[in-house]
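Engineer: Give me a 3D structure for the following:
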Amino acid sequence: MTATDLIALFSLEPHVQEGGYFRETYRSKQNFGASSLSTAIYYLLTPTTRSLMHRLRSDEVYHFYLGDPIEHLQLCPDGTGRVEVLGPDLLNGQKVQLVVPAGIWQGSRLKAGGQWALLGTTMAPGFIIDEFELGGRKALTESWPKFDEIIRNLTPDEPSKGGPTSS
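Structural biologist: Prediction:
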């Protein structure tokens, strides 16, 4: 199976704001304020894609389904950060589920040599684009210099026009 096979099988589309490929698979008909009570997506990373640094106003739960491991960077408001690995090798510390609390900067990429990773995410309250904030390279590297290399890999060369870039 290849990434191209998965894109076709699950009707995935490019995620314009974040990177990678996705398809929403669930949106609750019940609302919580301006959002659905919960949403779920399939999410695919390839060697040429990445989940750009972003933060959300709701908790997000990642689920690893198939493929190669990914590195997931989380940068916390208290100045700490961590890189978690989602993947199938549970006996060596990889995880198949990972919670990202609301307000945490996050981004991910395939580990070196990987071909693809099929993930899912669920959010409660559900995802709405107005609550998605793209991170700027300069602000993030200044605030978390220990993670400079991976932040540089997970941010665009220039902030995208029309989207938030603050920290």
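
Engineer: Which parts of the chain are strands?
Structural biologist: Using DSSP state E, the strands of the chain run over 13-14, 21-27, 31-32, 35-36, 39-45, 51-56, 59-67, 70-75, 81-86, 97-100, 105-110, 117-124, 132-134.

Engineer: Pairing partners for the last one, with directions?
Structural biologist: Based on DSSP bridges, the pairing partners of strand 132-134 within the sheet are strand 51-56 (antiparallel).

Engineer: distance of the closest residue to Arg109 other than its chain neighbours from Ala112?
Structural biologist: Once flanking residues are discounted, Arg109 sits nearest to Arg50: 4.3 Å by C-beta to C-beta, 6 or more residues apart in numbering. Just so you know, the C-beta spots here come from the backbone N, C-alpha and C atoms, and that holds for glycine as well. Per C-beta to C-beta, to the nearest Å, Arg50 is found 13 Å from Ala112.

Engineer: ok, the two, which is more surrounded?
Structural biologist: Using other C-beta atoms under 10 Å, the more surrounded residue of Arg50 and Ala112 is Arg50, with 21 against 9.

Engineer: could you point out where this structure is predicted with low confidence?
Structural biologist: 158-167 (pLDDT under 70).

Engineer: Alright, that wraps it up for me.
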